[in-house]
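let's see this in three dimensions:
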Amino acid sequence: MVAAPNGNGGAIISPTDQPRFTISVGPENLTVRLEVGDAATAAQITKQDIMAVLLKERSIIFTPEDEERMGRVIRFLRRGKLPQGEMVIVKGVPPVHGKDGRVIDLVASKSMRFDDKGNVSHYDHNVLRVVNSGMPVLEIVPPTPHVPGRDVFGREALARAGQWPPVVLGPNVARSEDKRTVYSTAAGRFHYEYGTARVEPDLKIQSDISFRTGNIDFERDVVVNKDVFDGFQVKTPQNVVINGSVEGATIEAGKSVVVQSGISGKRKGHITAGGDITCKFANGARLTAGGNISIAKYCYHSDIRCEGQLLIPGGVLCGGEVCCQRGAVVAILGNKAQNKTVVRVELDERCPAIPPELGAAVRSAEKLLAEQTQALQLYQGRLGSLRGVERETAAQILKRIKELTRLVDERRAEVERLTGVSHENSPATLEVRKTIFPNVEVQFDGTKTRFRSGLAGPLRIELRRGGKSIGIVAVDLGTDRASPLPCEPVDD
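Numbering: from 1, shown residues only. Down below sits the predicted model:
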């Protein structure tokens, strides 16, 4: 007797009054199994006995491979060995179920970088998950194919299809046409949580740039709320703002770099900006700017290169070497210890010299304008609430600023009319507002002067040409009187 075939299997009972074996159909009808009672009766079972039962039940299909398997089972039993449980004598073809697809986080998988020797670079790992526009961020691995099988009754055994993994697209990400890649549509920090992918476009780093974050290479502005440590890098074609300090690190910005605290370069690292660099102080730093470099307090033993001006109007420039194309403004140049300080002003050959008297008129008007602007700062932020004498005083300052602004513009226009040179492109100078200490060297156009004794400011050091002669002079900004300085050629 055979139980009706079904998904849970049925039983075939041997046709004797005292059965020597039992044949059953396994789960999903994918196997036929043999079970015997004891070793003595098992040794008497023949292959023909088993096939007789299977042939009687014509719905079961067995192949030559199954007949060979039955023979191996019989030989095993005749050796007097009785296995525990059932023995498979007929096998169907099991279906191959499709495996579900999966998601590979490409940003996480590439967070570790390796050097040429195969060692992990702890400077380059991308813990912050920073991505640029167009970068692949997720790989969607599709489900594997499903293949149907055949059960022992010759029917198709259905295979389960694998499922595509669910991925929800948040802001600034998109999916490729083949559905197998998610890529960023904007630069920012990538997040993939609970099946949702998104890119936050702003890169504001709350921590230090250290081994916790790795180096930063980003397409947009970078804001770091703390410090940048030795050996690390921050690169962007836009702006960099460091709300802490910078040690011996490398910062490359296509536009400006702002360091709210100072730069302690330790004579390593390099800060490069296509525009301006601004910081509170610089010590042992290397700075290169396509625009101005502005330092609030001091610049010690640093290597400075800028296509604009070096501006330290209230601080000290001491030690190191400075090269600026549009001159410099400092309060104090050098120090009492007489550390060697070199300032080189690179002049544009296309800029002719401005007549001294016209230059003096421009500078006088600019000085008065700066004084009035500084006086107005006492009332800034409360002009609307001023009363009485304060209101009248502020009004007079504003009127004077307007007049001086018009005068400065007129005199600058006169310079440009007479020389063909705009104010912005006028020959560069070095302005020292307080003191020049000994052992300071200033260079202009292959000519240098060395201060062997101190000199009190406010002064402007500039290059003057007269016929075939050329010389460096110190102009007293109080009296506009020029004094020649000893000059010599710059050593090659």
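
in the stretch 1-150 of the chain, where is pLDDT below threshold?
Along the stretch 1-150 of the chain, the parts satisfying pLDDT under 70 run over 1-20, 56-58, 85, 109-128.

could I get the full set of helices for it?
39-42, 47-56, 64-78, 106-109 (DSSP state H, counting those that start in this stretch).

can I get these in JSON lines including mean neighbour count and distance to residue 484?
Just so you know, the C-beta spots here come from the backbone N, C-alpha and C atoms, and that holds for glycine as well. Putting the helices of the stretch 1-150 of the chain into JSON lines (neighbours: other CB atoms under 10 Å; distance: least, CB to CB, whole Å) gives the following:
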{"stretch": "helix 39-42", "mean neighbour count": "15", "distance to residue 484": "123"}
{"stretch": "helix 47-56", "mean neighbour count": "16", "distance to residue 484": "122"}
{"stretch": "helix 64-78", "mean neighbour count": "15", "distance to residue 484": "111"}
{"stretch": "helix 106-109", "mean neighbour count": "16", "distance to residue 484": "65"}
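
out of those, which is closest to residue 138?
Minimum separation from residue 138 across these (CB to CB) falls at helix 106-109, 6.2 Å.

for that closest one, packing partners?
For helix 106-109, the elements it packs on are strand 136-141, strand 188-193, judged by 3 or more CB pairs under 8 Å, 6 or more residues apart in numbering; DSSP states H and E.

show me how far that helix is from its chain's centre.
Relative to its chain's centre, helix 106-109 lies at 15 Å (CA atoms, centre = their mean, to the nearest Å).

who's in contact with that helix?
Applying CB atoms under 8 Å, 6 or more residues apart in numbering, the external contacts of helix 106-109 come out as 126, 129, 131, 136-139, 190, 192.

please apply the same query to stretch 179-190.
Residues external to stretch 179-190 that are found in contact with it (CB under 8 Å, 6+ apart): 107, 128-142, 164, 167, 169, 172-176, 197-203, 218-220.

got it, and stretch 429-443?
Outside of stretch 429-443, the residues within contact range by CB under 8 Å, 6+ apart are 313, 318, 327-336, 338-345, 448-462, 472, 477, 490.

need the helices of the stretch 1-150 of the chain in CSV with distance to residue 241, can you?
As requested, these are exported to CSV (distance: least, CB to CB, whole Å):
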stretch, distance to residue 241
helix 39-42, 85
helix 47-56, 82
helix 64-78, 74
helix 106-109, 24
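
for the stretch 301-450 of the chain, just list every one of the strands.
For the stretch 301-450 of the chain, applying DSSP state E, counting those that start in this stretch gives strands covering 310-324, 328-333, 341-345, 430-436, 440-444, 447-451.

those strands: which one's closest to residue 287?
Closest to residue 287 of those, according to CB to CB: strand 310-324, at 9.1 Å.

sorry, back to before: mind putting the helices and strands packed on helix 106-109 into CSV with distance to residue 94 and mean neighbour count?
CSV is the format used below for the helices and strands packed on helix 106-109 (distance: least, CB to CB, whole Å; neighbours: other CB atoms under 10 Å):
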stretch, distance to residue 94, mean neighbour count
strand 136-141, 24, 18
strand 188-193, 36, 18
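
closest one to residue 389 among those strands?
Closest to residue 389 of these, according to CB to CB: strand 188-193, at 53.9 Å.

what's around residue 452, how many residues?
A count of nearby residues for residue 452, using other CB atoms under 10 Å, gives 10.

need the contact list for it.
By CB under 8 Å, 6+ apart, residue 452 lies in contact with 438-439.
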